[in-house]
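In: Predicted model follows, preceded by the sequence.
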Amino acid sequence: MIEQPQADPPPVSDAPEPEHRSEAAQDVTEAPFRPDPEPLPEDLDLVAKLFGRPAPNAAPGRHRAGFVALVGRPNVGKSTLLNAYVGEKVAIVSPKPQTTRRQILGIRSEPEAQVVFVDTPGLHDPAHALGRAMVKSANAALAGADVALWIVDVSRRPDEADAAIGRLLRQTGRPTILVLNKADRLRPEDIESHSQAWQALAEADDWVMTIATKRHNLEALWQALLLRLPEGPPLYPEDQLTDQTDRMFVAELVREAALRYLSEEVPHGIEVIIEDWSQREDGLLEVAAKIFVERAGHKGIVIGRGGSMLKQIGRAARLEMERALDCRVHLELFVAVRAGWRRDSGELKRLGFE
């Protein structure tokens with residue numbers, strides 16, 4: 001068999017192959033690159049309020065001090081914000097509304113300023129004497145404040161009750177900062193409409209969107225506060241965090257535990273007083289507290305079967321006490337009935353509400 005000679009391979013060229021483009025591609029011309037325009041100052045301010053870019057600092061070298069009232073409806077995060085700024089738990093918190101019943105001072109001292117936060121009961125339409133005393137306490141705090149923080153739940157739209165609070169704040173003439181809290185619960189499609197609705201209602205000097213439980217944007221809110229506080233020396237010793245005594249705070253810790261474990265109407269009709277307080281030589285703190293309920297039927301619910309509910313409340317409260325007071329605690333709880341105490345002005349006075 002005769003082999004046929006093989007043809008030489010085609011020569012290799014270094015020249016680029018011709019570009020093949022479709023007719024549609026040939027008709028397209030590339031636009032020249034143009035950088036995005038510089039953001040406007042108001043746009044940067046909006047980003048700061050939403051996402052936490054640091055706000056402008058107050059003038060350096062001038063110490064500021066004043067009272068800041070935390071106002072708003074129940075369960076919007078006032079006490080959570082207070083604890084976050086103070087750096088210690090000075091107010092109890094609960095998902096149940098109307099947890100705060102009395103004014104509580106929380107004090108934050110920094111080299112440039114001392115801010116005395118006044119945590120107030122939630123503003124609401126009172127249904128009994130206790131509710132009226134709570135609203136009166138909130139109004140008094142607002143009247144004596146240098147700045148008001150109106151804290152709202154931005155995940156919902158304002159209603160007529162919120163409009164009433166807005167009118168009250170405008171009547172005081174106090175500098176007001178609108179705190180759009182619980183931003184993590186705000187759906188993306190509601191950000192613009194909800195924010196604008198609250199701003200239109202508040203007519204505030206400034207606004208900041210926050211998540212108090214995660215400390216989001218609290219530094220921007222702090223700087224906004226300092227800009228509106230008067231200049232002056234500290235109002236309290238720099239190591240003081242609150243105006244509450246340990247006995248008052250311990251009573252609140254028992255009530256906080258009751259709010260956590262009891263349901264329906266029972267926890268709202270509870271009040272706690274400390275009957276005995278003594279510390280042994282070995283450092284053990286012995287506390288006896290009495291829990292008052294409004295109805296005889298509630299007493300059994302608080303105690304629970306075989307004392308199980310009372311033990312659960314007591315254990316949770318004791319652990320919180322030991323963390324707060326940094327000592328071992330022996331806690332005894334008792335339950336008694338004071339029928340209708342929330343509607344009785346005399347009982348409220350005895351319990352320190354009026």
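Out: Yep, it's here.
In: For the stretch 51-200 of the chain, give me the ranges with low pLDDT.
Out: Within the stretch 51-200 of the chain, the stretches with pLDDT under 70 are 51-61, 124-126.
In: mind listing the helices for it?
Out: 78-86, 129-143, 160-172, 191-202 (DSSP state H, counting those that start in this stretch).
In: and the first one, what other elements does it pack with?
Out: Other helices and strands packing on helix 78-86, by 3 or more C-beta pairs under 8 Å, 6 or more residues apart in numbering; DSSP states H and E, are strand 64-71, strand 104-110, strand 113-119, strand 147-153, helix 218-226. (C-beta placed from N, C-alpha, C; glycine too.)
In: Can you say which of these is nearest to Gly307?
Out: strand 104-110 (31.2 Å; C-beta to C-beta).
In: Run through who's touching that closest one.
Out: Contact with strand 104-110 is made by 79, 82-83, 85-87, 90-91, 114-119, 234, 236, 238-244, as judged by C-beta atoms under 8 Å, 6 or more residues apart in numbering.
In: for stretch 173-191, same thing?
Out: If you take C-beta under 8 Å, 6+ apart as the criterion, stretch 173-191 is touched by 50, 69, 72, 76-77, 81, 142, 145-155, 169, 194-195, 198-199, 202, 204-214, 216, 221, 224-225, 228.
In: Stretch 321-341 now?
Out: Under the criterion C-beta under 8 Å, 6+ apart, residues 89, 130, 246, 249-250, 253-254, 269, 271, 275, 279, 283-296, 298-299, 302-303, 310, 313-314, 317-318, 347-348, 351 lie in contact with stretch 321-341.
In: And that stretch, what's buried?
Out: Buried residues in stretch 321-341, counted by 16 or more other C-beta atoms under 10 Å: 321, 324-325, 329, 331, 333, 335, 338, 341.
In: you'd agree Gln312 is up against Arg305?
Out: No - counting by C-beta atoms under 8 Å, Gln312 does not reach Arg305; the two are 11.4 Å apart.
In: between the two, which one's more packed in?
Out: When Gln312 and Arg305 are compared for neighbours, Gln312 comes out ahead with 16 against 7, by other C-beta atoms under 10 Å.
In: can you map out the strands along this protein?
Out: For the chain, the strands defined by DSSP state E cover 64-71, 104-110, 113-119, 147-153, 176-181, 206-209, 271-279, 285-293, 329-337.
In: Relative to Glu264, which of these is closest?
Out: strand 285-293 (12.6 Å).
In: partners of that closest one, with directions?
Out: strand 271-279 (antiparallel), strand 329-337 (parallel) (DSSP bridges).
In: I would like the residues contacting stretch 224-235, please.
Out: Contact with stretch 224-235 is made by 55-58, 62-68, 109, 112-116, 146-147, 149, 175, 177, 205-206, 208, as judged by C-beta under 8 Å, 6+ apart.
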